[in-house]
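Colleague: need a 3D model of the sequence below.
(chains A and B)
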Amino acid sequence: MVTETTQTPVYTISKSDKRFIGWHVFFAVAALTIGSLFGPLQALQQAGIDWYPSLDFLFINIPEGPAAYYQGLTLHGVLNALIWTTFFITGFTTLAVIRGLKRDLAIPIMNRIGFWMMVVGLVVAAIPLLGDSASVLYTFYPPMQADSLFYIGLVLVVVGSWIEGWGFYITLYRWRKENPEEKTPLIVMAVVLNMVMWQIATLGIAAEVLGLILPWTFSLTNGIDPQLSRTFFWFTGHPLVYFWLLPAYASWYTMLPKQAGGKLFSDSLARLAFWLFLILSVPLGFHHQFVDPGVPAGWKFIHSILTLGVFFPSLLTFFTVVASLEYAARQRGGKGLFGWIRALPWGDPSVAAQLLAGILFMFGGISGLANASYNVNLVLHNTTWVPGHFHLTVASAVTLSFFGISYWLVPHITDKPLWRPNLAVASSWVYFAGMLIFSNAMHTVGLLGAPRRTPLGLAPYVPDEWNGHLFRVAVGGAIMWVGLMLFVVVVAVTAWQRKRFADGETVDIPLAESLDDPNNAPAWLDRWKPWLIATAVLIILAYGPQLLDQIFGIELTSPGFDPGSPIPNN
Amino acid sequence: MSTEAGGEKVRMHIDPTERAWIRVAIVVLVIFALAITVAGFMLGIQVPTEEQRVDPRTIGDAAPWAAPAADEEGDPRIQELVPGEKYAVYIIAKMWLFAPSQVPTPESGIEIPAGAEVTFYVTSTDVQHGFKVQNTNVNFMAVPGEVSTLTTEFDEPGTYDFICTEYCGTGHAAMFGSITITE
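Modeller: Coordinates of the predicted model:
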């Protein structure tokens, strides 16, 4: 048993900070709402049903035919995978840092500047996205070229997130100076570590956009090197997945056990898992380039093995989270080898969402292992298996966990009770059911050879055996959308209702205690320097030689192309 | 900033069940690593590697990727290295077709006898494309400026579609070709 040894004064988050976090959630959910509008349309398109013209009322100029699909797919990827995640994560991180340290942000204005820069970036990128002049998908592979505003907007979003990150680092640094005897709370370590990892990872995309794409878009160079662009992109592209995932892990480790009525099984192993994510998240990007022509097979193999390495902390997480949940369930009277699962508080909307997120993530982890396995990937690369996989990770493990977090966070920052908790529970179940159908069909038809990023309803080569699965893609996609809309309605009504908490009534951030005393954890689990050095060394070893090779072999030979025309620009 | 009380080293406590789980996790991951190593380096199921850099602006008109002249006999893009056994096929991917084998003109298609080994050399003259021969392990990116290559053996006669698997613009969904394997 852990008992509080030091009496920390009660800390209340200021109204202004609550509002600041609220703006993060507002933009995150708004982006998710618009981005997800296209999900079911894409899914229906796979079954040959074209509902894009029904969006005419929203856009002044919705393009005809496949162009509508790709504009929608770009919006879906950018708004859901980049904006919903980044805005929600920085907001959640703000709350976790303030509340975890029981301390104000060191330089509040810094975080505010970072955040509003992200908002400006979003608006700037939205202009060409909505105007169909940036329909290049969220990977924006050169030499397909978008309006320069799209890239400028992305730069502002990323730099804004860096500035917010710096605000967090400085806050933690000050707190450690002020509290030399105390271990950094696990929740704070987890979310700040995530921002540090993001800072390192996004150097790739910064090099790509600032070094290659913007000079090329402004005609300062005659062409671009598409292979080098891909390498820079995937330097960021894979850790991006962990940037989304680690806040969900932080919630599963440090909050879910408390919400389920128990304690964290092991504080030390949780810390170890997060440090391993820091050092292993970046140096494995070539596993997205297994079938690239310009990367030697040897480097691909090394990154494949390192990817199996990053699976290790995920397996640690699986054990610790399940063990914590089992402890909680048995405290609540749960019995049996698996019977305890029923004793978990499934009626709590936040818990239900996160449990369902975890179940889907098990399948996502397994299909991810196949992607990461060097030559096995030959069967799967760029098939619908891949979006099938990442809908189980970012769109399930992450998104459903963020639903769960929102179900306490929105009441917490608005001082208003959650509207219709039963509907909130239902939202997760509906989304879960849709995702099971959708992701199973996407994986299956991918194994049969169906390409991703393709409106298969328009493709001339679709064999009959795909059709049943494509129909399930459509059905699953439509059901997911209903679940997602229920979430949006629940949080929107919660935030905008007139009803407030009665005096003394409140929802606090759920912070779990640990079964083992965090102060008994070894000191090396609370030091940044060795882990940061290890991170840098591993990145240099795993990326350095090949990256230098590609940089020195740069050939700026590719002119830009508009997605609608085989004639090069300028 | 040390938290070691009185210089006493604190060792990490790991529950016995968790210790067992960690061992299982490591063994499983090692088995996976061995499996891909054996498949890759002993059974020869390999991924593409560095081949050749080219200029995407001119490669479409250069041998052996250029289309044959009207009076030329045969197609230099489909090379018979060892009759009935070894073939090399040079393909240009461009918005939004593969050449040769621009479907649906069967006379421009690729014909290879069953049981032969075929090596594909594919490059793009505009944006990034994908190249996936259905029901084989041939699946790679076609990146402008680079040549992608993989070899496979076609044992079963029939028609094999190869499709573009990377978004390459509005005509992407219609971009495919096929190879005919004869008895």
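Colleague: could you list the domains of chain B?
Modeller: Per automatic domain parsing, the structural domains of chain B span B:12-46, B:59-68+B:76-182.
Colleague: roughly how far is the first one from the heart of the chain?
Modeller: Average the C-alpha atoms of domain B:12-46, do the same for its chain, and the two points are 27 Å apart (Cα atoms, centre = their mean, to the nearest Å).
Colleague: where does pLDDT dip in chain A?
Modeller: Along chain A, the model assigns pLDDT under 70 to residues A:1-10, A:57-61, A:570.
Colleague: how about a cut-off of 50?
Modeller: Chain A contains residues with pLDDT under 50 at A:1-8.
Colleague: what about the longest helix in it?
Modeller: With secondary structure taken from DSSP state H, chain A has its longest helix at helix A:297-331.
Colleague: now that one: buried residues?
Modeller: Buried residues in helix A:297-331, counted by 16 or more other Cβ atoms under 10 Å in any protein chain shown: A:297, A:299-329. Every C-beta, even on glycine, is put in place using the N, C-alpha and C of the backbone.
Colleague: how much space between the residue sitting nearest the centre point of chain A and chain B?
Modeller: The structure's chain A has its C-alpha centroid closest to residue A:244; by Cα atoms, centre = their mean the separation is 2.5 Å. In this view, residue A:244 and chain B are 22 Å apart by Cβ to the nearest Cβ, to the nearest Å.
Colleague: for residue A:398, give its distance to residue A:80.
Modeller: Noted for residue A:398: a distance of 10 Å to residue A:80, by Cβ to Cβ, to the nearest Å.
Colleague: pick out whichever of these two has more residues nearby.
Modeller: More neighbours surround residue A:398 than the other of residue A:398 and residue A:80, with 28 against 23 (other Cβ atoms under 10 Å in any protein chain shown).
Colleague: which residues touch the closest residue in space to the more buried one that isn't next to it in sequence?
Modeller: Among residues not flanking residue A:398 along the chain, residue A:244 sits closest, at 4.5 Å (Cβ to Cβ, 6 or more residues apart in numbering or on different chains). For residue A:244, the residues meeting the contact criterion (Cβ atoms under 8 Å, 6 or more residues apart in numbering or on different chains) are A:81, A:85, A:89, A:393-394, A:398.
Colleague: so residue B:127 sits right up against residue A:145, yeah?
Modeller: No - the criterion here is Cβ atoms under 8 Å, and residue B:127 misses it with residue A:145 at 9.0 Å.
Colleague: okay, and the common contacts of the two?
Modeller: Common contact partners of residue B:127 and residue A:145 (Cβ under 8 Å, 6+ apart): residue A:561.
Colleague: so the two - more neighbours on which side?
Modeller: residue B:127 (32 against 26).
Colleague: ranges for the helices of the stretch 351-500 of chain A?
Modeller: Secondary structure of the stretch 351-500 of chain A by DSSP state H, counting those that start in this stretch: the helices cover A:377-380, A:385-392, A:399-414, A:421-447, A:464-496.
Colleague: closest to chain B out of those helices?
Modeller: Of all the helices of the stretch 351-500 of chain A, helix A:377-380 sits nearest to chain B, with 4.5 Å by Cβ to the nearest Cβ.
Colleague: how far is the closest one from where the chain is centred?
Modeller: 24 Å.
Colleague: so which elements touch it?
Modeller: helix A:349-372, helix A:421-447 (3 or more Cβ pairs under 8 Å, 6 or more residues apart in numbering or on different chains; DSSP states H and E).
Colleague: helix or strand right after whichever helix or strand the residue nearest to the centre of chain A is part of?
Modeller: Element membership of residue A:244 [criterion: DSSP states H and E] is helix A:226-254. Later in the chain than helix A:226-254, the nearest helix or strand by DSSP H and E is helix A:256-259.
Colleague: ok now the helix or strand following that next one, how far from the chain's centre?
Modeller: Counting by DSSP H and E, the element after helix A:256-259 in chain order, helix or strand, is helix A:267-280. Offset of helix A:267-280 from its chain centre (Cα atoms, centre = their mean): 18 Å.
Colleague: just want the angle from helix A:267-280 to helix A:226-254.
Modeller: Counting by axes from the mean of the first three to the mean of the last three Cα atoms, to 10 degrees, helix A:267-280 points 170 degrees away from the direction of helix A:226-254.
Colleague: what residues does helix A:267-280 touch?
Modeller: So helix A:267-280 is in contact with A:186, A:189-190, A:193, A:196-197, A:242, A:246, A:249, A:253-254, A:264, A:306, A:309-310, A:312-314, A:316-317, A:320, A:514-518, A:521-522, A:525-526, A:531-532, A:534-535, A:538, B:12-14, B:18, going by Cβ under 8 Å, 6+ apart.
Colleague: weed out the non-buried ones from these.
Modeller: Applying 16+ other Cβ under 10 Å to these flags A:186, A:189-190, A:193, A:196-197, A:242, A:246, A:249, A:253-254, A:264, A:306, A:309-310, A:312-314, A:316-317, A:320, A:514-518, A:521-522, A:525-526, A:531-532, A:535, A:538, B:13-14, B:18 as buried.
Colleague: mind checking if stretch A:286-305 is in reach of chain B?
Modeller: Yes - in terms of Cβ under 8 Å from any Cβ of the partner chain, part of stretch A:286-305 sits within range of chain B, namely A:289-298, A:300-301, A:304-305.
Colleague: now do stretch A:359-369
Modeller: Yes - using Cβ under 8 Å from any Cβ, stretch A:359-369 reaches chain B at residue A:369.
Colleague: which residues touch that stretch?
Modeller: The contact list for stretch A:359-369, computed with Cβ under 8 Å, 6+ apart, reads A:308, A:311, A:314, A:318, A:385, A:388-390, A:392-393, A:396-397, A:400, A:432, A:435-436, A:439, A:443, B:32.
Colleague: residue A:99: what's it in contact with?
Modeller: By Cβ under 8 Å, 6+ apart, the residues touching residue A:99 are A:11, A:13, A:509, A:511.
Colleague: can you lay out those residues as a markdown table showing secondary structure and distance to chain B?
Modeller: Formatted as a markdown table, these follow (DSSP: H, G, I helix; E, B strand; the rest coil; distance: Cβ to the nearest Cβ, whole Å):
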| residue | secondary structure | distance to chain B |
| --- | --- | --- |
| A:11 | coil | 22 |
| A:13 | coil | 27 |
| A:509 | coil | 25 |
| A:511 | coil | 20 |
